[in-house]
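Asker: Quick one: sequence plus predicted model below, questions after.
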Amino acid sequence: MLQRRQLLQGAAFAAVGGLGAAGCAGAGPSGPHAVRYWGMGAADTDKDEAARDAFLQTAAGRDAQVSIDQVPSSGSADMSQIITAVRGGTAPDVWWMDRFNAVQNASIGLLEPVDPLIEEFEGVSREEFTQQWLQFSLDELTYDGQLYGLPTSTDARGLLYNENVLKDAGVDLDLFDPGQHVITWDELREVARTVVHQDSRGNYDRLGFAPWADQGMPYTWAFGLGAEVYDNDATRVVLDSPQWQSVYNLYADWAEEFSYSKVDAFFATYQPPNAPPTQNAVFSEKLAITTGGPWQISGNKKYAPKLPLKWTWLPVAKDGDPTYTWSGGFSLVLPKGSNLSRTTWEFMKHFTGFAGQSIVVPKLGSLPTNLEAITAQKYDPDAELFRQMLPNSTSRPPLPVGSAVSDAMDRAKTSVALGTKSPREVAEETQAMVVPKMDLFPGYRIPESYGKPQKIPDSR
Amino acid sequence: MSVTDTVGPTAGPPRTINAGGQSAPPPPPRRSRGLNVGQRRKLRTGLLFISPWIIGVLIFIIYPVVYSIALSFTRYSGMEAPTWVGIQNYVTAFTDPMVGKAASNTIFYAIIAVPLGLLIALALAIAMNQNVREVAWYRTIFYAPSLIPAFAMSFIFIVFLNPQFGVFNQVLNLFGGANVNLLGDPTGVKIAIILMAQLGAGNAALIFLAGLRNIPKTIYEAARVDGASPLRQFFAITFPLLSPVLLFNLITGISGSLQVFTEAFIVTNGTGDPDAGALFYMMYLYKNAFGFAELGYASALAVILFLVGLALALLVYWLSRRFVNYDVEAG
C-alpha cells in the first residue's frame, strides 16, 4: 500500500513537473536566429506559414527559426493579450497588427520604433527605405515622428451589388457600371425604394440598401462629405463640425424612410451576427446592395460562385463629384521586448516587402501596400476596381485615441438611426467623449503627408 | 460581606451574592494574559493550515484591491510607469456622459433583475421543497439551467430571439405581429438580458431551499391546528423565518447585478449597442481598461463601483433590522 510519504513525494514531483512543463510551453525557439511571431489568426495560418517558408529559403533566413503563434483576441481593439505578454516578458518578436491601432499602441509604449533598425541594418535614410510602400499606410504607422512598423496589406471600400436582385426589381444596371457612372445618393435611394419588399406581416423580405450596414460606418461616408476628425493646425478634434452632422443626418434621413428596427430585424433574420459565412443576405438574394471591400471577393467566389456579384464606387452627393473611399489594412510591428535582432528585422522586411506581399496578399484577397507588388498585380484581378481607388484613398486619421473615436462614432450611428438622438446631439456627444481623451496628447500632430493623394503606378 | 458561589456545574460564570442573598452584577472578566505555549503551538499549526488561503487572499484580493485604489489616482496604460494625476480620473468619471449612461443601464437592470430573481428563486425553492416522491427529479430539473455557462446561455438566447427562427417571434407571429429584433432595441436588449439572468436563479433557490428546510415543522403544525391557510402560513411563518436567507440573497443579488457583464458582452458583440442600451457599468470599465488602454481611469471606475456596492450593502443591512428575523432554530 502507498505510504503517505511516498504519496507526498509523488505529488511534489508531479507539481514541479507540471510547473516546469507549463513554464516551457509556448517558450518557442531561442538564440540569435530565433523569431517568435504572433500571426494573423488561426484561420490564416496557411498564409503565415507560406510567408515564413519563403523567408527560410532566402539567404537571410537560412539559419532562422521562426515559430508562429496564433493568439486569439476578443476584438482588434482589445490589447489585453499583447500587453500581458509584454509585461510578462513573453512578448513575440514580431506581431501582425491592425494598422489602425498602431498610433494608439505606440502612444502607450507598447511598440518599438523601427527607425533605429533601418539605420542599423539598412544604412539608408528612413525616407529612402520606405519609398517602396503606399504613403498612407506609412502615415498610419507614424507617431511622434517615428515609424512603428512596416505595412503589409491594404484595401478600399465600394458598393457590392447583386445584378439578379436589381434586374428582378427592374433597376437600370448602367447606374452601377463603374466604367460609366458613379451613383448618387438620390439614385441609390430610388433604387432602394424600387427593390424593397415586405411580406404580409410588414417584415422586409427584400432590401435594397442600408447605409449603416456592413462597412457603412460613419468614417466611410465622412470621406465623401468632407468631415474631418482632427484639425492639425488647431491641434484639436473636430467631431462636432457641420460636416459630421451631415454624416449622421444621412443615417437619420434614410431611417425615416426605411425604419431602423425593421431593417435591423431583416439583418438579424438573414445575416445574424456571428453567422457562418454562407448565411449572408447578399448570397441569399435578399439584399441588393451593401458596402464592402476586396477581402470579400474570395468568399463571394467560394460561397456564391454562380451569383452575378459586382462592385462599384461609393455613392456621391451629386453627379460629377469626385469618388472617395478609405483604406485599412495590417502591418508587422515590434512589441516592447522584441529581440530586435537582424534575423527579426530580415523576417519583417521580407514579409512586408515585395516577396512576402506577393505571397500573402492574393491569399488574403486584399491589396498590396508595396508599390512594386501593385505594379506586378500581385492581387486578385477581380479587385482591380479597388486598386483604381487607391490614388484617392487614405487611411482613417492616425490618432492615439483611435479606438475611442471609432467606438463613439459607431454608437452615434445607431442613436441617430434609431431616432433617439438628433445628428447635432450625437456629434456634440462624440466630441465631448473624445476631447478629454485627446487632451492627454497636447500639441499632437498627424503626419503632414496624411490625406494627400499619391500617384500610384498602374498594374502591368 | 459577600461570598462567591458557583451555581451548578454548567450555570455559566460565577455570580456574586451579597449578604442579603441578592445577585450582584458579575465583575468584568479578567483579561487574558496571553497564550500559553500549547495554545501558541495550536495557533501556529492552525495558521499554517490556512496559510494557502491567507496567501491567496493577500495576493489575489488584498493586493489587487490596494493596487487598484492606487492606480485610480494615476494615468496608466499598462505599459509605462503610472503618472500621478490626483483626483482627475474621478472628476472625469463624474462628467463622462457614458458613465451616466452605463450607470443608468445598470440601475435599470438591478431594479428589475434583483427582485424578479428573488421571486423566481423563492418560487423554485418552494417547488423543490414539496413533499412528493419525485422531488429529487424536480430539484435537478429546476437547478439544471443554472449549470449552463453564461456565454452558452447568451448564444441560446440569440437563437431564441431570432426574428425569423426564434421561438419568441414564432409566438408573436401566431398573434399576427411583425417580427421584432428585441436585441436591436435599446430597452429590449436590457429586458432580454434580465430574462436571461433568471435562468441562473437555481443558485439562489438552493439557498432558499436550505432556509426552508431549517424552519421547524412544528410551527406549521401549530398553525394548521389554529386553522391558518397555506397563504397565511407563508406570510406569517415562511416569509419572516426565511428573512435572513432573503437578506443574503438580496445582497449577493445586488452585488451580482452591479457587475453584469458576460451576457451583455456576448449578445452585443462587446459594443453595448444599440444606442448603448446594453452598455453596463462593467462593460464600460472593461472598454476603458482594455480597449482604450486607460487602466487608471478604469481603476477609478472600479473604486466607485466598489464604494457604491458597499454603500448599498450597508443600506440593506440597516434596513434589514426592520424585516429580518433571526429567531428560528433548526427543528
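Answerer: That came through, no problem.
Asker: So what sits opposite the residue nearest to residue A:238 when sequence neighbours are not counted in the bridge?
Answerer: Leaving aside its sequence neighbours, residue A:238 sits nearest to residue A:231 (CB to CB, 6 or more residues apart in numbering or on different chains; 5.0 Å). In short, each C-beta sits where N, CA and C put it, glycine included. Beta-bridge pairing of residue A:231 under DSSP bridges involves residue A:236.
Asker: pLDDT wise, what is residue A:231 at?
Answerer: pLDDT, residue A:231: 93.
Asker: Any figure for the gap between it and residue A:276?
Answerer: 44 Å (CB to CB, to the nearest Å).
Asker: and those two? which has more neighbours close in?
Answerer: Using other CB atoms under 10 Å in any protein chain shown as the criterion, residue A:231 and residue A:276 rank with residue A:231 on top: 12 against 8.
Asker: Around chain B, which positions in the stretch 151-300 of chain A sit nearby?
Answerer: A:201-203, A:260-262, A:264-266, A:268-270, A:272-274 (CB under 8 Å from any CB of the partner chain).
Asker: and of those residues, the nearest to residue B:173?
Answerer: residue A:201 (6.9 Å; CB to CB).
Asker: neighbours of the residue lying closest to that closest one once chain neighbours are set aside, just the number please.
Answerer: Ranked by CB to CB, 6+ apart and with sequence neighbours excluded, the top spatial neighbour of residue A:201 is residue B:178, at 4.6 Å. Counted with other CB under 10 Å, the neighbours of residue B:178 add up to 18.
Asker: got a list of what residue B:178 touches?
Answerer: Residues in contact with residue B:178 (CB atoms under 8 Å, 6 or more residues apart in numbering or on different chains) are A:201-203, A:262, A:265, B:172.
Asker: now swap in residue A:38 and tell me
Answerer: Contact analysis of residue A:38 by CB under 8 Å, 6+ apart lists A:69-71, A:82, A:92, A:94-96.
Asker: returning to what we had before: any idea which of the contacts of residue B:178 is the one closest to residue A:59?
Answerer: Using CB to CB, the contacts of residue B:178 come closest to residue A:59 at residue A:265, 59.0 Å.
Asker: Remind me what the helix or strand in which the closest one is found packs against, helices and strands.
Answerer: In this structure, residue A:265 is located in helix A:260-270 according to DSSP states H and E. Counting contacts by 3 or more CB pairs under 8 Å, 6 or more residues apart in numbering or on different chains; DSSP states H and E, helix A:260-270 packs against strand A:204-206, helix A:402-418.
Asker: other SSEs contacting the longest one?
Answerer: Right, the one you point to is helix A:402-418. Judged by 3+ CB pairs under 8 Å, 6+ apart, helix A:402-418 is in contact with helix A:102-107, helix A:218-225, helix A:242-257, helix A:260-270, helix A:423-438.
Asker: Tell me which of these sits most buried.
Answerer: Highest mean neighbour count of the helices and strands packed on helix A:402-418: helix A:102-107, a mean of 26 (counted as mean count of other CB atoms under 10 Å in any protein chain shown).
Asker: Counting by contacts, list what that helix packs against.
Answerer: Against helix A:102-107 (3+ CB pairs under 8 Å, 6+ apart) you get strand A:142-143, strand A:329-335, helix A:402-418.
Asker: That helix - what's its average pLDDT?
Answerer: Mean predicted lDDT for helix A:102-107 stands at 94.
Asker: So for the following helix or strand past it, mean pLDDT?
Answerer: Going down the chain from helix A:102-107, the next helix or strand is strand A:111-112, by DSSP H and E. For strand A:111-112, the mean per-residue pLDDT is 96.
Asker: ok, is strand A:111-112 in contact with chain B or not?
Answerer: No. Using CB under 8 Å from any CB, strand A:111-112 stays clear of chain B, with a minimum separation of 9.4 Å.
Asker: Neighbouring strands of that strand in the sheet, and parallel or not?
Answerer: Strand pairing (DSSP bridges) places strand A:111-112 next to strand A:329-335 (antiparallel).
Asker: Now do the strand it pairs with: everything it contacts.
Answerer: A:40, A:82, A:85-86, A:91-99, A:102, A:105, A:110-112, A:114, A:117, A:137, A:140-141, A:148-155, A:340, A:344, A:348, A:351-352, A:366, A:369, A:395.
Asker: what do you get if the cut-off is 7 Å, keeping everything else the same?
Answerer: Strand A:329-335 has contacts (CB atoms under 7 Å, 6 or more residues apart in numbering or on different chains) with A:82, A:86, A:91-99, A:102, A:110-112, A:114, A:137, A:141, A:148-155, A:340, A:348, A:351-352, A:366, A:369.
Asker: so of these, which ones are in helices?
Answerer: Among the contacts of strand A:329-335, DSSP state H puts A:82, A:86, A:102, A:137, A:348, A:351-352 in helices.
Asker: Out of those, which is nearest to chain B?
Answerer: If you rank those by distance to chain B using CB to the nearest CB, residue A:86 comes first, at 6.9 Å.
Asker: Neighbours of that closest one, how many?
Answerer: 22.
Asker: Quick check: it touching residue A:111?
Answerer: No. Taking CB atoms under 7 Å as the definition, residue A:86 is not a contact partner of residue A:111, at 9.5 Å.
Asker: so what sits against both of these two?
Answerer: Residues touching both residue A:86 and residue A:111 comprise A:335-336, with contact defined as CB under 7 Å, 6+ apart.
Asker: Just name the shakiest helix or strand of chain A by mean pLDDT.
Answerer: helix A:4-24 (a mean of 52; mean pLDDT, DSSP states H and E).
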